[in-house]
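Visitor: Next one to model:
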Amino acid sequence: MVEIKVENESSRDLAEERAPLLVPEVEKTLVQKAISQTFQSTAHLANLLPTGSVLAFQLLSPIFTNQGECDAVSRSLTAVLIALCGLSCFLFSFTDSFKDQKGNLCYGFATLHGLWVIDGSATIPPELAATYRLKFIDFMHAFMSILVFAAVALFNQNVVNCFYPMPSDEAKELLTAMPVGIGVICSMLFVAFPTKRHGIGFPLTAN
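Guide: The predicted model follows:
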């Protein structure tokens, strides 16, 4: 029994010795909080964009920017890449999908009169096609998609180094704050005004 008591006391003393070694949580500075929030916001922003456009940008941006060391040619190629990916995010916001009688998934572009099926393999009754027609919220989501993609592009360090190789302190603060601001505003707008469209590159629901 004495030996057990000694072991318990020694283990307690060991625990007390280890307790002071725990490092207290250090309060983050404003810049560190902004950077951390940028990571979180950008991770959520990517979910609001077409998967193919984001994937193409993430794969090609290191190549087109030459790992951030751009010359005139690579800078032009990077600008074209950003423009094309941004345009695809805008256009894909007007796409929608449905299942035909065989259960096949079909995609189309929303128009003023209904849904125009891209491959023409299926037809929709006029009264059902009318439910897919363009609405004001589609343009709103398309505009927000461009803003979100711009935030993702600004968060890409290779792109930033390509266009702003030696930014000033004010530029650094702006490049850090802009993605966060865009993420907060667009996330609030997407939540307040959701879309029911499931277009090309966007996740589908069970319905």
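Visitor: average pLDDT for the helix ranked longest in the chain?
Guide: Ordering each helix of the chain by length in residues (DSSP state H) puts helix 169-192 first. Mean per-residue pLDDT for helix 169-192: 82.
Visitor: Let's see it as CSV, backbone CA atoms only.
Guide: Coordinates of each C-alpha in helix 169-192 appear next as CSV, following Å, rounded to 0.1, in the frame of the first residue of the first chain:
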residue,chain,number,x,y,z
ASP,A,169,2.4,48.1,-47.3
GLU,A,170,-0.9,49.7,-48.3
ALA,A,171,-1.2,47.3,-51.2
LYS,A,172,-0.5,44.3,-48.9
GLU,A,173,-3.2,45.4,-46.5
LEU,A,174,-5.6,45.8,-49.4
LEU,A,175,-4.8,42.4,-50.9
THR,A,176,-5.3,40.8,-47.5
ALA,A,177,-8.6,42.6,-46.7
MET,A,178,-10.3,42.4,-50.1
PRO,A,179,-10.8,38.6,-50.2
VAL,A,180,-12.1,38.7,-46.6
GLY,A,181,-14.5,41.5,-47.4
ILE,A,182,-15.7,39.9,-50.6
GLY,A,183,-16.2,36.6,-48.8
VAL,A,184,-18.3,38.1,-46.0
ILE,A,185,-20.5,40.2,-48.3
CYS,A,186,-21.0,37.5,-51.0
SER,A,187,-21.6,34.8,-48.4
MET,A,188,-24.3,36.9,-46.8
LEU,A,189,-25.9,37.6,-50.1
PHE,A,190,-25.8,33.9,-51.2
VAL,A,191,-27.5,32.9,-47.9
ALA,A,192,-30.1,35.7,-48.1
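Visitor: helices or strands up against that helix?
Guide: Helix 169-192 sits against helix 30-45, helix 136-155, with contacts defined as 3 or more CB pairs under 8 Å, 6 or more residues apart in numbering; DSSP states H and E. For every residue, glycine as well, the C-beta is placed using N, CA and C.
Visitor: From the contact counts, what lies against the last one?
Guide: So that's helix 136-155. Applying 3+ CB pairs under 8 Å, 6+ apart, one finds that helix 136-155 contacts helix 30-45, helix 51-64, helix 72-92, helix 169-192.
Visitor: Format those as JSON lines; extra columns: distance to F109 and mean neighbour count.
Guide: What follows is those, written out as JSON lines (distance: least, CB to CB, whole Å; neighbours: other CB atoms under 10 Å):
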{"stretch": "helix 30-45", "distance to F109": "24", "mean neighbour count": "14"}
{"stretch": "helix 51-64", "distance to F109": "16", "mean neighbour count": "17"}
{"stretch": "helix 72-92", "distance to F109": "8", "mean neighbour count": "17"}
{"stretch": "helix 169-192", "distance to F109": "21", "mean neighbour count": "15"}
